[in-house]
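**Q** Model the following, please.
(2 chains)
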Amino acid sequence: DAEITQSPRHKITETGRQVTLACHQTWNHNNMFWYRQDLGHGLRLIHYSYGVHDTNKGEVSDGYSVSRSNTEDLPLTLESAASSQTSVYFCASSESSGPLRRGTEAFFGQGTRLTVV
Amino acid sequence: GQSLEQPSEVTAVEGAIVQINCTYQTSGFYGLSWYQQHDGGAPTFLSYNALDGLEETGRFSSFLSRSDSYGYLLLQELQMKDSASYFCAVRVNSGGYQKVTFGIGTKLQVIP
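**A** Model prediction:
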């Protein structure tokens, strides 16, 4: 079965370190997204990609970067981790489609809980 | 940009019906989705409305009024396992592509 997996599931890192969170999907979806989830803020979009070599900034992109070298993977890098980046991170993917089609939902990974100390 | 409003918490009794509302302000609107998330889990898709009206999937129904920028999720015959957070999300046109923005979520507590 197709799936989307994130690793690691839990990570503790120190302030200032570079951290990379992995996201791998086997749906063959063109669209991939990274969100962070914090109490009172819901899911906020960090970066997204509509295909290989395409990346775009979301609403909370400062301090984060992504790269898309193939369809399956969209790793998220925290260049210099800060305590404000302690959060749960979700990766999601969806297929490209027109606006009136069903089945355009996003499929989410299980999340990565990141703690920056 | 986009903004969505939904209640932060709702409590309902097992077996009852509950409605979770969502209002949105956005441009390039394509459709409204609903996701369920249990504590510690990942959001999972429930429903998607692109056109006005009601979509029914088992105990869950979702409604959209594009003219009112309003939608709701209706849960019938509530079960204890329905206790979760429910997110509405707008799908919008962003530079020719689609982007999804989520609300802050409504925490539903089902009580016996």
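**Q** When you work out contacts or count neighbours from here on, use the C-alpha atoms and nothing else.
**A** Noted.
**Q** which residues touch whichever strand in chain B runs longest?
**A** If you go by DSSP state E, chain B has its longest strand at strand B:84-94. For strand B:84-94, contacts defined as CA atoms under 8 Å, 6 or more residues apart in numbering or on different chains pick out B:4, B:6, B:22, B:24, B:26-39, B:98-109.
**Q** tell me the mean pLDDT over it?
**A** Averaging pLDDT along strand B:84-94 yields 89.
**Q** what phi and what psi does the backbone show at the spatially most central residue of chain A?
**A** Nearest residue to the geometric centre of chain A (CA atoms, centre = their mean): residue A:34, 2.3 Å. Dihedral pair for residue A:34: phi -120, psi 130, per degrees, to the nearest 10.
**Q** coming back round to it: from the contacts of strand B:84-94, which land in strands?
**A** Per DSSP E, these map to strands at B:4, B:22, B:24, B:29-37, B:98-102, B:106-109.
**Q** Keep the residues you listed, but drop any that are not near chain A.
**A** Intersecting these with the surroundings of chain A, defined as CA under 8 Å from any CA of the partner chain, gives B:30, B:31, B:33, B:98, B:101, B:102.
**Q** Among these, show me the least confident.
**A** Taken together, those show their lowest pLDDT at residue B:98, with 72.
**Q** For chain A, what is the nearest residue in chain B?
**A** In chain B, no residue comes nearer to chain A than residue B:104, which is 3.7 Å away by CA to the nearest CA.
**Q** Show me what the lowest-mean-pLDDT helix or strand in chain B is packed against.
**A** One helix or strand of chain B scores below all others by mean pLDDT, DSSP states H and E: strand B:97-102, with a mean of 79. For strand B:97-102, the packing partners by 3 or more CA pairs under 8 Å, 6 or more residues apart in numbering or on different chains; DSSP states H and E come out as strand A:42-51, strand B:84-94.
**Q** so what's residue A:110 closest to, chain neighbours aside?
**A** Closest residue to residue A:110 apart from its sequence neighbours, by CA to CA, 6 or more residues apart in numbering or on different chains: residue B:42 at 5.0 Å.
**Q** For the one you found, grab the count of nearby residues.
**A** By other CA atoms under 10 Å in any protein chain shown, the residues close to residue B:42 number 18.
**Q** Only whichever of the contacts of strand B:84-94 are buried, select them in PyMOL.
**A** Per 16 or more other CA atoms under 10 Å in any protein chain shown, the buried members of those correspond to this PyMOL selection:
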select buried, chain B and resi 4+6+22+24+26+29+30+31+32+33+34+35+36+37+98+99+100+101+102+103+104+105+106+107+108+109
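**Q** picking up where we left off before, mind listing what the residue nearest to the centre of chain A touches?
**A** Contacts for residue A:34 (CA under 8 Å, 6+ apart) come out as A:45, A:46, A:47, A:48, A:76, A:89, A:90, A:91, A:92.
**Q** same deal with residue B:100?
**A** Under the criterion of CA under 8 Å, 6+ apart, the neighbours of residue B:100 are B:89, B:90, B:91, B:92.
**Q** pretty sure residue A:72 contacts residue A:6?
**A** No - between residue A:72 and residue A:6 there is no contact under CA atoms under 8 Å: 11.8 Å.
**Q** Now do the strands for chain A: every range, in order, please.
**A** A:4-7, A:10-13, A:19-25, A:31-38, A:42-51, A:54-57, A:64-66, A:76-78, A:87-94, A:107-108, A:112-116.
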